[in-house]
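Asks: need a structure here:
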Amino acid sequence: MRQRPGLTRPHTSELDNLPSCGDAQLLAVEILMMANKTKVLFLCTGNCCRSQMAEAILREVGGAGFEAFSAGSHPAGYVHPLAIEALARRHISLDGQESKSWDEFADDPVDLVVTVCDAAAGEACPTWPGRPLTAHWGVADPAHHPGNDQDRMELAVRVAERLRAKITAMVQLDFSSDRETLKTRLDHLGDI
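Replies: Residues are numbered from 1 along each chain as shown. A predicted model of the protein is given here:
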């Protein structure tokens, strides 16, 4: 299993205390930064469209401070072409992403779990280690939208834009805030 400790970002003073030894110091800084990323898990039932888009968008806008993952309670086994095309139009790639079960993350601490579909929000989720914050940002499912292919693609693009707005606002939050304040702010992002 992957190890994802829920740590805070290093303070500049922590980095200053590292011994100066060229490449070894750079490696130590890189390890500290990797260990101190805010780990976010996006959930939806099939993990083929909305949560996949959210994962890719966070990878794009989150910078070095975030690590993005996605999963589903009943993974579809593929990334939906609507998600791929909607994000390709924004020059965001889903290369390397795959549909996976949330069971893969059952033993791995994450800092934040965000459900992006109402079905996953209503399911009995696993008990996540490390007491992560949770939020629900329900967005429509382009993969099951009635209408023709053009209607579904238009919805997929709107969903991608809405997820990008939520995630862009999320990365601006102060994750060192107290849990109650941060939870309230994360929940308000569901209204965007």
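
Asks: how about the strands of this structure, start to end?
Replies: 38-43, 66-71, 112-115, 133-136 (DSSP state E).

Asks: give me the sheet partners of the first one and which way each runs.
Replies: Just to be clear, that refers to strand 38-43. strand 66-71 (parallel), strand 112-115 (parallel) (DSSP bridges).

Asks: what residues does the longest one touch?
Replies: I take that to be strand 66-71. 4, 37-44, 47, 51-52, 54-56, 58-59, 62, 97, 100-102, 104-105, 110, 171 (CB atoms under 8 Å, 6 or more residues apart in numbering). Just so you know, the C-beta spots here come from the backbone N, C-alpha and C atoms, and that holds for glycine as well.

Asks: same check on the last one?
Replies: Defining contact as CB under 8 Å, 6+ apart, one finds that strand 112-115 is touched by 38-44, 54, 121, 125, 128, 132-138, 186.

Asks: and the strands paired with strand 38-43 as TSV, adding mean neighbour count and mean pLDDT?
Replies: Formatted as TSV, the strands paired with strand 38-43 follow (neighbours: other CB atoms under 10 Å; pLDDT from 0 to 100):
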stretch	mean neighbour count	mean pLDDT
strand 66-71	23	96
strand 112-115	25	94
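
Asks: out of the ones you listed, which comes closest to residue 82?
Replies: Between residue 82 and the strands paired with strand 38-43, the tightest spacing by CB to CB is seen for strand 66-71, at 15.2 Å.

Asks: what's the separation between the closest residue in space to residue 133 that isn't next to it in sequence and residue 79?
Replies: Nearest non-adjacent residue to residue 133, counting by CB to CB, 6 or more residues apart in numbering: residue 112, 4.9 Å away. Residue 112 is 22 Å from residue 79, where distance means CB to CB, to the nearest Å.

Asks: equivalent analysis for residue 177, please.
Replies: For residue 177, the distance to residue 79 - CB to CB - is 33 Å.

Asks: of these two, which one has the most company?
Replies: Higher neighbour count among residue 177 and residue 79: residue 79, with 23 against 12, using other CB atoms under 10 Å.

Asks: any idea how far that one is from residue 150?
Replies: For residue 79, the distance to residue 150 - CB to CB - is 20 Å.

Asks: leaving out chain neighbours, which residue sits closest to residue 151?
Replies: Residue 151 sits nearest to residue 145 (CB to CB, 6+ apart), 6.5 Å away.

Asks: check what pLDDT the residue nearest to residue 183 when sequence neighbours are not counted gets.
Replies: In space, residue 183 comes closest to residue 133 once its chain neighbours are excluded; the distance is 5.5 Å by CB to CB, 6+ apart. On pLDDT, residue 133 comes in at 94.
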